[in-house]
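Enquirer: Pasting the sequence and the predicted model now:
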Amino acid sequence: MGEEDSVFDVARKTIYWTLIIFVITMIILAFWFTIGNFRSKATYLPLITKAELLSQRFINSPDCFAYVDKETGQVYGGTIDINKFTKEKINSCYQEDVFKGMNFQFTLETIGGQKTVVKTEDWYTKPDLTLPPKAVRIITGPFAEMEGKLTITVQEKI
């Protein structure tokens, strides 16, 4: 009778530990998925925030549209050099392999009503978001400047 009990004991323990390992595995997987889901929700940025942060590069960077004083080398953020406001400049400034996921269209309007539009290379017709217009100073020549507004329209890539 003792040998039969030990055989059933071993079988019972094997089933018990198999079930315990299965349950522990399920708990670990559930915890892992919960953490992954929480992380994606915790790090989510709305489109308007991403667009606003990325668009600051165009306005404030000397590599993009910002005016740079040739004598002092000082960069004037929020001041646009009209000679830099071109499709070539925007494509060199906005490297799609670095800044993935967005296309931009910039509309620069002077006080006189003249509009200049520049778009990133992959821009298509339907915008997803238009940021509020920003008041900017436009440098048109060595001693010539005017006030204007810059409207930035954004698309998320498909």
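Expert: Perfect, thanks for sending it.

Enquirer: Now do the helices in this protein.
Expert: Taking DSSP state H as the test, the helices found in the chain are 2-42, 47-60, 87-93.

Enquirer: Contacts only, for the residue most central in space within the chain.
Expert: The chain has residue 50 as the residue nearest its centroid, 4.3 Å off, counting by CA atoms, centre = their mean. Residues near residue 50 by CB atoms under 8 Å, 6 or more residues apart in numbering: 101, 102. For glycine as for every other residue, the C-beta is placed from the backbone atoms N, C-alpha and C.

Enquirer: Can we start the residue count at 12 from this point?
Expert: With 12 as the first residue, the last one maps to residue 61.

Enquirer: Residue 166 versus that one, what's the distance?
Expert: Separation of residue 61 from residue 166 (CB to CB, to the nearest Å): 12 Å.

Enquirer: So for the two, which residues contact both of them?
Expert: If you check residue 61 and residue 166 against CB under 8 Å, 6+ apart, the residues they both contact are residue 113.

Enquirer: Residue 58 contacts residue 140, correct?
Expert: Yes - using CB atoms under 8 Å, residue 58 is in contact with residue 140, at 5.5 Å.

Enquirer: Now do the shared contacts for the two.
Expert: Common neighbours of residue 58 and residue 140 (CB under 8 Å, 6+ apart) are residue 165.

Enquirer: tell me the average confidence for stretch 36-46?
Expert: Mean per-residue pLDDT for stretch 36-46: 92.

Enquirer: Looking at the record's assignment, how would you partition this structure?
Expert: 12-55, 58-167 (automatic domain parsing).

Enquirer: looking at those, which is buried most?
Expert: domain 58-167 (a mean of 15; mean count of other CB atoms under 10 Å).

Enquirer: Could you tell me the end-to-end distance of that domain?
Expert: Terminal residues of domain 58-167 lie 8 Å apart, using CA to CA, to the nearest Å.
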